[in-house]
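Q: Predicted model, plus sequence, below.
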Amino acid sequence: MAGMVLQPDVVSSGKDERATDEDFAKEEEEEEDDEECPELIPAPAGTQGGRIPVTVITGYLGAGKTTLLNYILTEQHGKRIAVILNEFGEGSALEQVLAVKQTGALYEEWLELRNGCLCCTVKDSGLLAIESLLQKKGRFDYILLETTGLADPVAVASVFWVDANLGSDVYLDGVITVVDAKYGLEHLLEKKPDGLVNEAARQAGLADIILLNKVDLATWEERERLKGLLRNVNALAKIIETQRARVNLDFVLDLHSFDNCASVGLRERLSQLETQEGAATHGHLDQSIRSVTFEVPGSVTQSALDAFLQDLLWEKKMLNEEGHCMEVLRLKGLVPLACERKIVLVQGVRELFDQEETPMDWPESRHRHCRFIIIDTQAPPKV
Ligand SMILES: Nc1nc2c(ncn2[C@@H]2O[C@H](COP(=O)(O)OP(=O)(O)OP(=O)(O)O)[C@@H](O)[C@H]2O)c(=O)[nH]1
């Protein structure tokens, strides 16, 4: 199979197309049925069919994660929030989860805040903590999960994303990465020994929202340089400057970043992808993680799209500028399918991907094209 499978307008007969799409729609219907959770408890506001949103808060040591948590907890948001302080280490998070599960170790502490927010601090590997929390279902309607400063948040995010598709009681709402405005550049550019990832870059690469915190400590020039690098790493994330992590909570909670069928924020995401031309190509700094915009004119068939995603995410056959196989940290794509008016939104985290037809039609007046923003973690060759 060739490395580049996604070809524009590789249109088979309309009948074949319809047959494929019907199958696909049927599968989706079945999946939706599976996802339905037979809960008798009415869904609290802000949840999706009774499922509870999880926001992952990550960021380098001392960037301001706890400050953000405390800020969210004490604000008036009408939510009952449970907090999980995540002890995932650098290595295999899942192995750690299993290890903890066997020993059954769990530390819980409940705290009632004045604003009605119920704060449960669970110092434990994430999954067990979530299971334990869910036994108290009804007492909270939002989960904030703070990773440790050196953690790789990708494992945590993948678990919740997959879990939601398996019919779990929780879903991943978004990843917030807090970056230190003063020292963030240093953290991002820090060279790691061979084979080791730069945690700060990885955390920024996965973010839906990047909070550039401690703006009081950095000059305008320092912040602009850092923002340039962050955009280079992650063209998908929105960057918000903060002091003491004070941010409008609408920008960090209930983002629905990972569920394509939610209409909340969808238009914004689509237009974001539409206007991001060239955003990823400026400032060629030496870095191991960066955004790449990939565009193909015309529309594609469903089978061509599937083959492309499999080649990119599973077979690792797509090459980056340096001729290295791309290693995707995150991906979002906007794809008009051949013979269809609707646009498909594609999301990926590492090897996982998901496609969902959006309620939006491709505008008649515009030329069709497929656009992907890929956050590639493959390091460029050493000079
Ligand atoms: N000057 C200044 N200090 C801040 C700001 N935000 C947080 N801090 C301080 O920075 C220090 C670290 O903040 P934390 O919120 O504990 O950072 P963290 O990311 O949770 O740290 P770790 O859990 O150790 O990784 C604290 O002393 C905060 O008071 C800010 O905007 N400006």
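A: Arrived safely.
Q: mind showing which ranges of this structure have poor pLDDT?
A: 1-49, 86-138, 149-151, 162-168, 195, 259-287, 379-383 (pLDDT under 70).
Q: ok, now with 80
A: Applying pLDDT under 80 to the chain picks out residues 1-50, 84-140, 148-169, 191-197, 258-288, 320-322, 339-342, 358-367, 378-383.
Q: which helices and strands does the helix or strand containing residue 330 pack with?
A: Using DSSP states H and E, residue 330 sits within strand 328-336. Under the contact criterion of 3 or more C-beta pairs under 8 Å, 6 or more residues apart in numbering; DSSP states H and E, strand 328-336 touches helix 199-206, helix 266-274, strand 342-349, strand 369-376. All C-beta atoms are positioned from the backbone trio N, CA, C, and that covers glycine.
Q: ok, now with 6 Å
A: strand 342-349, strand 369-376 (3 or more C-beta pairs under 6 Å, 6 or more residues apart in numbering; DSSP states H and E).
Q: which of the residues in the helix or strand that the first one is followed by are buried?
A: Per DSSP H and E, strand 342-349 leads on to strand 352-361 as the next helix or strand towards the C-terminus. By 16 or more other C-beta atoms under 10 Å, the buried positions in strand 352-361 come out as 353-355, 357-358.
Q: Point out the most buried one among the helices and strands packed on strand 328-336.
A: Mean neighbour count, computed with mean count of other C-beta atoms under 10 Å, is highest for strand 369-376 among the helices and strands packed on strand 328-336, reaching a mean of 23.
Q: now the helices and strands packed on strand 328-336 in TSV, with distance to the ligand?
A: Listed next are these as TSV, based on distance: least, C-beta to the nearest ligand atom, whole Å:
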stretch	distance to the ligand
strand 342-349	23
strand 369-376	22
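Q: Flag every residue of this structure that's near the ligand.
A: 59, 61-67, 149, 213-214, 216-217, 243-245 (C-beta under 6 Å from any ligand atom).
Q: farthest pair in these?
A: Using C-beta to C-beta, the residues of the chain next to the ligand span at most 20.6 Å, a distance reached by 149 and 216.
Q: picking up where we left off before, and the strand holding residue 330, which strands flank it?
A: strand 342-349 (antiparallel), strand 369-376 (antiparallel) (DSSP bridges).
Q: Redo those strands as JSON lines? Include distance to residue 197.
A: Below are the strands paired with strand 328-336 laid out as JSON lines (distance: least, C-beta to C-beta, whole Å):
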{"stretch": "strand 342-349", "distance to residue 197": "15"}
{"stretch": "strand 369-376", "distance to residue 197": "13"}
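Q: Residue 290: which of those strands is closest?
A: strand 369-376 (6.2 Å).
Q: between the closest one and helix 199-206, how big is the angle?
A: Angle between the axes of strand 369-376 and helix 199-206 is 160 degrees (criterion: axes from the mean of the first three to the mean of the last three C-alpha atoms, to 10 degrees).
Q: What lies in contact with strand 369-376?
A: 205, 234-236, 273, 291-297, 300, 320, 326, 328-335 (C-beta atoms under 6 Å, 6 or more residues apart in numbering).
Q: Now do the helices in the stretch 151-300 of the chain.
A: If DSSP state H, counting those that start in this stretch is used as the criterion, the helices of the stretch 151-300 of the chain fall at 153-165, 184-189, 199-206, 220-233, 266-274.
Q: Tabulate those (a markdown table), appending mean neighbour count and distance to residue 343.
A: Shown next, in a markdown table, are these (neighbours: other C-beta atoms under 10 Å; distance: least, C-beta to C-beta, whole Å):
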| stretch | mean neighbour count | distance to residue 343 |
| --- | --- | --- |
| helix 153-165 | 21 | 21 |
| helix 184-189 | 20 | 33 |
| helix 199-206 | 27 | 24 |
| helix 220-233 | 18 | 24 |
| helix 266-274 | 15 | 7 |
